[in-house]
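Engineer: how would this look folded up:
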Amino acid sequence: MSCEPDAPARTTRPDPQPGRTGSGRAHAKAILLGEHAVVYGAPAVALPLPGLSCTASVVFSGQPGHGLNGYGQPDPAGGAAGSGAGSQAPLELRHLVESTLERFRPGEVLGVDLVLENSIPVGRGLGSSAACARATVNALGDLLRLGLRATDVFDLVQLAEARTHGRSSGIDALATGSTRPVLLAGGRVSAPRVGAAAWVVVADSGEFGSTGEAVALVREVFRRRPGRQAEFVSRSGTVTARALEALASGRLDIAGRQLTRHHRLLASLGLSTPVLDRLVDGALDRGALGAKLTGGGMGGCVIALAGTPEDANGLAAGLVRQGARGTWIASIAERGRDD
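Structural biologist: This next block holds a predicted model:
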């Protein structure tokens, strides 16, 4: 199953005239279960966070050159857009633009200017890098009328993610373009069954977390302790399977307990922090059905499960009072139409 409908290929090739604009969008995601284990083949579930988005705008550059000639990113606080040479853009975006042009417009000298507007906090495990990459690819597809297929977009986003984080499972590349939960298991993508309405609260600890550093930490733990990798992957898979079964049958209480079990499992690898633990405990004290860190860990966010919108709103308010820098609420829904 793909999380994005394939589009028929198009052959129209617009002239590279300055002023032509292409736009693209993607949104944040949060891992519900399975982070870190997913890169070793265990199942993982991610949820879209449509309230946090990244939009990209690209135009043919009026300056000579090929690839990313100009780059700008508005101040998230509402200030004017900063702009500069494409060399000031993150390396993964420069590589992404170059690779897209080489793949779909080989032999042509094309330069583009890119502006990104990103409301997704960086270093919080919310898929900011994947969303920026997906928005950029979609914008290039719009500008060049490429009629990109789902596999095209996925492959290009993964290319950028490999430059950013190293080894990547692909779940961020999928979830940042989906409007429903994404289950990645055994290399297959599907939408998990959800038998009852449920909501999650994502709370920002305010701590920056590097996915690359977290992945390296986990790899080092496995290297120093033979057998730990197999144990972790097996336990993560079991917890995720039980949570999915509970979600499918509408047993949110059981699903929530599995989230909390998964937090302890991740914490045993050194991925939690005192701030994350405090937010998890605070969520449970305030009635969350379960809570855990989400994403790479070593900072970032926690995610908590609630059974009603009212519970979710109260939980979010309580976590802010406890020190969370921001919160976002999203529903868990089985059905949806993908971007």
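
Engineer: Grab the longest strand from this protein for me.
Structural biologist: Selection of the longest strand in the chain by residue count, based on DSSP state E, yields strand 44-60.

Engineer: relative orientation of the helix or strand just after it and strand 44-60 in degrees?
Structural biologist: Read in the C-terminal direction, the helix or strand following strand 44-60 is strand 67-74, with elements assigned using DSSP states H and E. For strand 67-74 and strand 44-60, the angle between their directions (axes from the mean of the first three to the mean of the last three Cα atoms, to 10 degrees) works out to 110 degrees.

Engineer: Note down every partner strand of strand 67-74 and its orientation.
Structural biologist: Looking at strand 67-74 with DSSP bridges, its partner strands are strand 81-85 (antiparallel), strand 111-118 (parallel).

Engineer: about what we covered before: show me which residues of the longest strand of the chain are buried.
Structural biologist: By neighbour count, with 16 or more other Cβ atoms under 10 Å as the criterion, the buried positions of strand 44-60 are 44-50, 52-60. Just so you know, the C-beta spots here come from the backbone N, C-alpha and C atoms, and that holds for glycine as well.

Engineer: quick revisit: the strands paired with strand 67-74: lowest mean pLDDT?
Structural biologist: When mean pLDDT is averaged over each of those, strand 81-85 scores lowest at a mean of 58.

Engineer: Could you identify the helix or strand that succeeds it?
Structural biologist: Using DSSP H and E, the helix or strand that directly follows strand 81-85 along the chain is helix 91-104.

Engineer: Please enumerate residues in contact with that next one?
Structural biologist: Contacts with helix 91-104, where a contact means Cβ atoms under 8 Å, 6 or more residues apart in numbering, come from 66-68, 71, 86-87, 108, 110, 112, 114, 129, 132-133, 136-137, 140, 144, 146, 156, 159-161, 163-164.

Engineer: For ChimeraX, write a command that selects the buried ones of the residues you listed.
Structural biologist: Once 16+ other Cβ under 10 Å is used to decide burial, the buried members of the contacts of helix 91-104 can be selected in ChimeraX as follows:
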select :67,68,71,86,110,112,114,129,132,133,136,137,140,144,146,156,159,160,161,163,164
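
Engineer: quick one: low-confidence ranges for the protein?
Structural biologist: Low-confidence segments of the chain, defined by pLDDT under 70, are located at 1-19, 75-87, 165-168, 334-339.

Engineer: domain parsing for it?
Structural biologist: Following automatic domain parsing, one gets these domains for the chain: 21-75+82-184, 194-332.

Engineer: coming back round to it: next, the angle helix 91-104 makes with the longest strand of the chain.
Structural biologist: 70 degrees.

Engineer: Which residue ranges of the stretch 201-339 of the chain form strands?
Structural biologist: Applying DSSP state E, counting those that start in this stretch to the stretch 201-339 of the chain gives strands spanning 290-294, 301-306, 326-332.

Engineer: Any chance of JSON lines for those, columns distance to Leu252 and mean neighbour count?
Structural biologist: What follows is the strands of the stretch 201-339 of the chain, written out as JSON lines (distance: least, Cβ to Cβ, whole Å; neighbours: other Cβ atoms under 10 Å):
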{"stretch": "strand 290-294", "distance to Leu252": "9", "mean neighbour count": "29"}
{"stretch": "strand 301-306", "distance to Leu252": "7", "mean neighbour count": "30"}
{"stretch": "strand 326-332", "distance to Leu252": "9", "mean neighbour count": "18"}
